[in-house]
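Colleague: Sharing a model prediction with you, sequence too.
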Amino acid sequence: MMDKIILTVSLLLVVVFHAAAQKEYEVNIEDREEAISLTQKGLQHIEAGNFLAAIADLEKAISVDGTFHPAYINLYKAYNQTNVDKSKLLTILEEGTYIFEEDDELTYYLGYLFYEKQDYAHAIKLFTRAIGYSKINGEDFHQVYGYHFNRGNAYLKTKEFQRAITDYDYALQLSPGNPDILTNRGIAYYQVKNKDEACKNWNKSVSEGGMTAQKYIKQFCR
């Protein structure tokens, strides 16, 4: 996202320059080509539903050339289609966020791994960092609403309900009418004793196609 790839004249090395962090890495062009090939194979495996094979190829791509950004993104997506342990993925993404500083997408994915581990404090810290980077990189990226939504969800887990509402408000600005955001904002409102706003959000969620909110309406809005 923030990185620029520049080929040197010699054709022997690829110089990878990360503009925001002012980091420069030299990569053998053969390694870069192998990483590209392995990533393409990984994508083909993903499309075919062979996610474990995709993971193997994408992890190898990163081991060959740790500066090839698409391999990280697709590795995360492949892991998300499986039930395998994600400890190795977490380590790889931590290394990736060191290389690709100020990369909001990788930082967000790393934060979500901590969210899944129920380490909400760490998740909030990383979601906050991703949000900050998105202010620099641009909020037009289609997943940015999720940074706010999932930080709101983490705040919901830690019972910081007003902070959750604030995040859900912003997430809805980026993804208007999103039924999942409306459902969870309704829960947050209910937790701060604002039943009217809770029911408004749940009813709006149902009108936008969200089925989960129906049970809350039946239980709390009669």
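Modeller: That came through, no problem. Numbering: from 1, shown residues only.
Colleague: Tell me which stretches of the chain form helices.
Modeller: Secondary structure of the chain (DSSP state H): helices located at 29-48, 51-64, 69-79, 87-99, 104-116, 120-137, 144-157, 161-174, 179-191, 195-207, 213-220.
Colleague: Please tell me how far the closest residue to Leu110 other than its chain neighbours sits from Asn137.
Modeller: Leaving aside its chain neighbours, Leu110 sits nearest to Leu93 (4.4 Å; criterion: C-beta to C-beta, 6 or more residues apart in numbering). Heads up, the C-betas are built off the backbone N, CA and C, glycines and all. For Leu93, the distance to Asn137 equals 17 Å [C-beta to C-beta, to the nearest Å].
Colleague: ok, these two, which is more surrounded?
Modeller: Per other C-beta atoms under 10 Å, whichever of Leu93 and Asn137 has more neighbours is Leu93, with 24 against 18.
Colleague: ok, Ile62 - contacts?
Modeller: Counting by C-beta atoms under 8 Å, 6 or more residues apart in numbering, Ile62 touches Ala35, Phe68, Ala71, Tyr72, Leu75, Ile92, Gly96.
Colleague: now the residue nearest to Leu110: how far from Gly111?
Modeller: 10 Å.
Colleague: same thing with Glu102?
Modeller: 14 Å.
Colleague: the more surrounded of those two?
Modeller: Gly111 (27 against 21).
Colleague: what's the pLDDT at that one?
Modeller: Looking at Gly111, its pLDDT is 99.
Colleague: How about the contacts made by it?
Modeller: His122, Ala123, Ile124, Lys125, Leu126, Phe127, Arg129, Ala130, Asn150.
Colleague: in this protein, which helix or strand is least confident?
Modeller: strand 3-7 (a mean of 35; mean pLDDT, DSSP states H and E).
Colleague: can you list the domain ranges for the protein.
Modeller: 1-82, 177-222 (automatic domain parsing).
Colleague: Quick check: mean pLDDT of the last one?
Modeller: When you say that, I think you mean domain 177-222. Computed over domain 177-222, the average pLDDT equals 97.
Colleague: From what I see, Ala171 and His148 are in contact.
Modeller: Yes. Between Ala171 and His148 there is a contact under C-beta atoms under 8 Å: 4.0 Å.
Colleague: Please report how far Ile131 lies from Glu105.
Modeller: 12 Å.
Colleague: No further queries at this time; thank you.
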